[in-house]
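*Asks:* Predicted model and sequence below, questions to follow.
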Amino acid sequence: MSPTFRALRNPNYRLYLAGSIVSNTGTWLQRTAQDWLVLKPLHGGGTDLGIVTALQFLPVLLLTPYAGVVADRFPKRRMLQCTQLGMAAASFVLGVLALSGAAQIWMVYVLSFLFGVASSFDVPARQSFVSEMVGPDDLTNAVGLNSASFNTARIVGPALAGLLIAAFGGGATATGIVILLNAVSYLAVIYQLERMNAALLFSPRVRARGRGALMDGVRYVRTQPKMLFVLVLVFFAGTFGMNFQITSSMMATQVFGKGAGEFGILGSTLAVGSLCGSLMAARRATIPLRLLAFAGTGFGLAEIVAGSLPTYTAFAIFSPVIGFCTITLLNSSNATMQIESDPAMRGRTMALYMTVVQGGTPLGAPLIGWLGQTCGARWMLWLGGLLVLLGVALAVGLLVRLRGGRASVLTPLNAAGSLVDRVWDNQAVARARK
């Protein structure tokens, strides 16, 4: 089997990936339809869109650390079936409200928050369940294939959502139909999880209930320099850079004056680069930290360039570069956290990781949305890119400090440091001989 797809030799993982492709496509259908519902039929602005995004991710910030404790205490396969059912229920209610014409912005706020509650328990269980399906040898490959699945859906979903919304008239009814399709898509994951062979899972011993489980996870991560490097890096990228739901929609509608179809296409072009990055990540056997630093730097610079592009066509053509850098950073960070963590702590480790990646969105999304509405959509990308670059600098500085002033992050720095060390050693020997 090709190294790119080696994790597919595991039958449980094949079932999981098949269900994920269906569900992920539905997720992107809803994300596009929900944004369009807020911006057009409900006449909302960038601030409203930022609030919806923030409320959807606020439970991640509040609940995911505790959800990681739960993930280490209960069978993850059953936990995932429950969380998928919860997200399906929230999507179903929003779809019915939009379809009936009764939807209002405050209802979108409430249902986005409830969706986020279910998602906050889903994320750590889903992330740590990957290693239980494939084992340590194929973990990096499985993370890459998961991302490839997600980004394949990201290519198809927004474009299909834009076409469906336009075909059904572009109003609230059209968005309701699309959102209901997402509600149904969660059944695919629930069904495939039920079909798995539990005997083939690499499940660690379920942790007994006890006090201090959450703080044990925090203390564990604080002792791991690589994990701290990753967390600082993804905090800035996730909080200020990865607000694509807001930036793409406002660039399409406000800067370039486009409609639902063109808005959906932007999500797909962004995902083309993400898919390429996912497949490249799936082939890697090891992940050097310098790769994360380069990916973060490339992401920040790409956002600044994108914010300066003059036309919709140029923006759409360039967006795969943003997607490639983003997914390279996220996949490498995710795999690094899982590889470095103890299996008994993996649920809590991944909960902290996802809290940092997604939990910063309630802080960054309203700020970025307000900035776009007040100063213009281009400023969202310019400021976001600059803050991502600041995050890279802080992460590298932290790693250097934790390693006693020396860090293996960038190859040129490694080479230069080795040369300095050799010169210093030679001079010391010469002085000793004198």
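*Replies:* That came in fine, so what should we check first?

*Asks:* what about the helices in the stretch 51-200 of the chain?
*Replies:* Using DSSP state H, counting those that start in this stretch, the helices found in the stretch 51-200 of the chain span residues 76-100, 105-134, 139-167, 172-195.

*Asks:* Buried residues of the shortest one, list them for me.
*Replies:* Across helix 172-195, burial judged by 16 or more other Cβ atoms under 10 Å covers 172-183, 185-190, 192-193. The C-beta positions use only the backbone N, C-alpha and C, and glycine is treated the same way.

*Asks:* Let's see the helix or strand following that helix as CSV, backbone CA atoms only.
*Replies:* The helix or strand immediately downstream of helix 172-195 is helix 213-222, counting by DSSP states H and E. Extracted in CSV, the C-alpha atoms of helix 213-222 (Å, rounded to 0.1, in the frame of the first residue of the first chain):
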residue,chain,number,x,y,z
ALA,A,213,-7.7,14.9,36.8
LEU,A,214,-7.9,18.2,35.0
MET,A,215,-4.9,19.7,36.8
ASP,A,216,-2.9,16.5,36.3
GLY,A,217,-3.3,17.1,32.6
VAL,A,218,-2.3,20.7,32.8
ARG,A,219,0.8,19.9,35.0
TYR,A,220,1.8,17.2,32.5
VAL,A,221,1.7,19.5,29.5
ARG,A,222,3.6,22.2,31.4
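
*Asks:* how does this protein divide into domains?
*Replies:* When the chain is parsed with automatic domain parsing, its domains come out as 3-197+218-403, 406-434.

*Asks:* what's the least confident stretch among those?
*Replies:* Of all the domains of the chain, domain 406-434 carries the lowest average pLDDT, namely a mean of 42.

*Asks:* Neighbours of Ser332, how many?
*Replies:* Using other Cβ atoms under 10 Å, Ser332 is surrounded by 26 other residues.

*Asks:* who touches it in this structure?
*Replies:* Ser332 makes contact with 281, 287, 291-292, 295 under the criterion Cβ atoms under 8 Å, 6 or more residues apart in numbering.

*Asks:* In those, find the pair that's most separated.
*Replies:* The most widely separated members of the contacts of Ser332, counting by Cβ to Cβ, are Ala281 and Leu292 (11.5 Å).

*Asks:* Does Arg346 touch Gln338 like I think?
*Replies:* Yes. The criterion here is Cβ atoms under 8 Å, and Arg346 meets it with Gln338 at 6.5 Å.

*Asks:* who touches both of those two?
*Replies:* Taking Cβ under 8 Å, 6+ apart as the contact rule, the neighbours common to Arg346 and Gln338 are 128, 131.

*Asks:* how close does the closest residue in space to Phe256 that isn't next to it in sequence sit to Val96?
*Replies:* Ranked by Cβ to Cβ, 6 or more residues apart in numbering and with sequence neighbours excluded, the top spatial neighbour of Phe256 is Tyr312, at 3.9 Å. Using Cβ to Cβ, to the nearest Å, Tyr312 is found at 34 Å from Val96.

*Asks:* give me the number of residues near Ile317?
*Replies:* By other Cβ under 10 Å, neighbour count at Ile317 equals 12.

*Asks:* circling back to that earlier point, only the buried members of the contacts of Ser332: can you turn that into a PyMOL selection?
*Replies:* The following PyMOL selection, which keeps only the buried ones among those, applies the criterion 16+ other Cβ under 10 Å:
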select buried, resi 281+287+291+292+295
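
*Asks:* Identify, from the contacts of Ser332, the entry nearest to Val134.
*Replies:* Distance from Val134 was checked for each of the contacts of Ser332 by Cβ to Cβ. The minimum falls on Ala281, at 14.8 Å.

*Asks:* still on that earlier bit, the residue nearest to Phe256 and Gly261 touch, don't they?
*Replies:* No. With contacts defined as Cβ under 8 Å, Tyr312 does not count as touching Gly261, sitting 11.6 Å away.

*Asks:* Near Val110, how many residues? Count them for me, please.
*Replies:* Burial measure for Val110: 14 neighbouring residues, criterion other Cβ under 10 Å.

*Asks:* what's the answer for Gln254, then?
*Replies:* In terms of burial, Gln254 registers 17 neighbours under the definition other Cβ under 10 Å.

*Asks:* which residues touch it?
*Replies:* Applying Cβ under 8 Å, 6+ apart, the residues contacting Gln254 are 46, 372, 376-377.

*Asks:* go again using 6 Å as the cut-off
*Replies:* Neighbouring residues of Gln254 by Cβ atoms under 6 Å, 6 or more residues apart in numbering: Ala377.
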